[in-house]
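Undergrad: Fold the following.
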Amino acid sequence: MSKTKKIVLGIIIGLLIIAGIVFAVLKLKGNNEGLEDFDEPLMTEPVAKQELGETILVTGKIIPTDEQKVFAEAENGEIKEFLVKENQQVKAGTPLFAYDATKVNNEYTKAVRARDLTTSRLNITVNELGAARKQLTDMKKNPELSKAELNAAAKEIVSLEMEVENIKGEISSAQETINDLAATKEKMVVKSKIDGIIVKINKNVEPSENGSSEPIVHIISSGPFKVIGSMSEFDTVKIKQDQPVIIRPKVFKDRTWNGTIESVSHFPGGEGGGDEMGGGGGGNVTMYPFKVAITDDTSELRQGFHVSLEINVSDLEQSEQLAIPHMAIDIDENGEEFVYVLTADNILEKRSIVLGDSSDEFAGIAEGLEEGELVVINPYIVAQKNLEVGKEVKAKDLPSVDEPLMDEDMLEEDAPVEEVIEEEMEPQEEPTEEATKDEAK
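TA: All right, here's what the predicted structure looks like:
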């Protein structure tokens, strides 16, 4: 390709790019002019009852209602065998594992044998005492026996009585030893204290004098889960026991569980929350732990799930009330709230109102409006259109029933300038080998 042809081609491409940019700018300008020509009408919405009330939002974590953690005890020796498996359902009293009880069993058997031998010796001594007493009785009937002989027989009886008491004391001591060893034997088999599920068995934990840091067996209750968390000091004063709670697990986007407030601690910190956190206004906010009981079925929930909690702290009987959108409310020069009302005859009224509870979207109306009345939700239009209170609003200032508020074509997004340019430009062909040779010549 000659140098002149290349220059001409470059000029043509440049003109096409400029033409595309100009076309796109003109199109955008035309759409903007269309938007400026749009005449916003007076919009209304009926007064209706809404579920309102002050709501507290907090977060928490799901935990089991109860749990048991069993730690190794060095004084009990080595563990001989485990009697349960992970994920096994157990009842209170189910044996979990057993220590090696060989030494304790030998001591127990020895103590029982010693007690039995002592008991036999007691029986023999008691028989001897009985015989001595009978002999003394017979001796007293014989007048030929001297007083000294009778005294000697009596002393023998006293000696036997003392020996009987001593032997009884030995038996009592032996029984105490047996009872202690029996209790130790009982401790050799560790049992569950709750109904639940075995979630963890750690067979590699070695007992130490200070106690192990990890549990040998971990059991969580099979009952319903609960939620723990912490709330600010400002929220605690609004919370009452048994208040209903809506629970939203983060792993389930569109599902909720019901619950009730179980308790709010009177002391900061502890399980479920820290002591303090940074607050607004440059100060600290004290956090208080709370617990929520889940009243719905918790079979799909798991320990450790993070949840958000919604607590309606308003009077439930008053939570449903007349309400209007926040954007319908205006404020006069005296700082008083008011709304514009459109009557059935399209007469514009200015109405003072008294606000009640509110939500993120709606404001409750305690006084000033009746259910079904039409309030203006874009009150700024009244001033823009120079509408007068007490006079009829013309049909041209109201939304048309048949026509949309804006032309659908005006709402469509314009094609980017780059796309317009690409449409105007044709793809440039790659130079052939012959053309390259000609250019070189």
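Undergrad: Please count neighbours and contacts with C-alpha atoms only from this point.
TA: Fine.
Undergrad: Quickly find the element holding Ala132.
TA: Assigned by DSSP states H and E, Ala132 belongs to helix 102-140.
Undergrad: Off-centre distance for that helix?
TA: 66 Å (C-alpha atoms, centre = their mean, to the nearest Å).
Undergrad: Okay, buried residues for it please.
TA: 104, 107-108, 111-112, 114-115, 118-119, 122, 125-126, 128-129, 132-133, 136, 139 (16 or more other C-alpha atoms under 10 Å).
Undergrad: Can you identify the element that follows it toward the C-terminus?
TA: Counting by DSSP H and E, what follows helix 102-140 is helix 147-187.
Undergrad: what's the following helix or strand after that following helix?
TA: Counting by DSSP H and E, what follows helix 147-187 is strand 189-191.
Undergrad: and that next one, what does it pack onto?
TA: strand 95-99 (3 or more C-alpha pairs under 8 Å, 6 or more residues apart in numbering; DSSP states H and E).
Undergrad: Contacts only, for Gly364.
TA: Gln50, Leu52, Gln321, Leu322, Ala323, Ile324, Leu355, Gly356, Asp357, Ser358 (C-alpha atoms under 8 Å, 6 or more residues apart in numbering).
Undergrad: Please give the centre-to-centre distance between the helix or strand hosting it and its chain.
TA: Using DSSP H and E, the element containing Gly364 is strand 362-367. Once both centres are worked out by C-alpha atoms, centre = their mean, strand 362-367 turns out to sit 33 Å from its chain's centre.
Undergrad: Could I get the buried residue list for it?
TA: Across strand 362-367, burial judged by 16+ other C-alpha under 10 Å covers Phe362, Ala363, Gly364, Ile365.
Undergrad: unless I'm mixing things up, the last one is touching Ala323, no?
TA: Yes: at 5.4 Å, Ile365 and Ala323 qualify as touching, with contact defined as C-alpha atoms under 8 Å.
Undergrad: and the gap between Arg255 and Glu300?
TA: Applying C-alpha to C-alpha, to the nearest Å, the value for Arg255 to Glu300 is 11 Å.
Undergrad: same check, this time on Ile178
TA: From Ile178 to Glu300 the distance is 50 Å (C-alpha to C-alpha).
Undergrad: Neighbour count for the two, which is higher?
TA: Counting neighbours by other C-alpha atoms under 10 Å for Ile178 and for Glu300 shows that Ile178 has the greater number, 20 against 5.
Undergrad: how far away is the more buried one from Leu374?
TA: 89 Å.
Undergrad: burial of Leu398, as a residue count?
TA: Neighbour tally, Leu398, other C-alpha under 10 Å: 14.
Undergrad: quick one, phi/psi of the residue located most distally from the centre of the chain?
TA: Residue distances from the centre of the chain (C-alpha atoms, centre = their mean) peak at Glu144, which lies 98.5 Å from the mean C-alpha position. The phi/psi pair for Glu144 (degrees, to the nearest 10) reads phi -80, psi -20.
Undergrad: before we move on, what about Ile201?
TA: Dihedral angles (degrees, to the nearest 10) for Ile201: phi -130, psi 120.
Undergrad: ditto for the one 3 residues further on
TA: Backbone torsions for Asn204, taken as degrees, to the nearest 10, come to phi -100, psi 10.
Undergrad: Identify the residues contacting it.
TA: Here Asn204 is in contact with no residue (C-alpha under 8 Å, 6+ apart).
Undergrad: ok, the buried residues of strand 362-367 vs Phe97, which is closest?
TA: Lowest distance from Phe97 to the buried residues of strand 362-367 (C-alpha to C-alpha) belongs to Phe362, with 60.4 Å.
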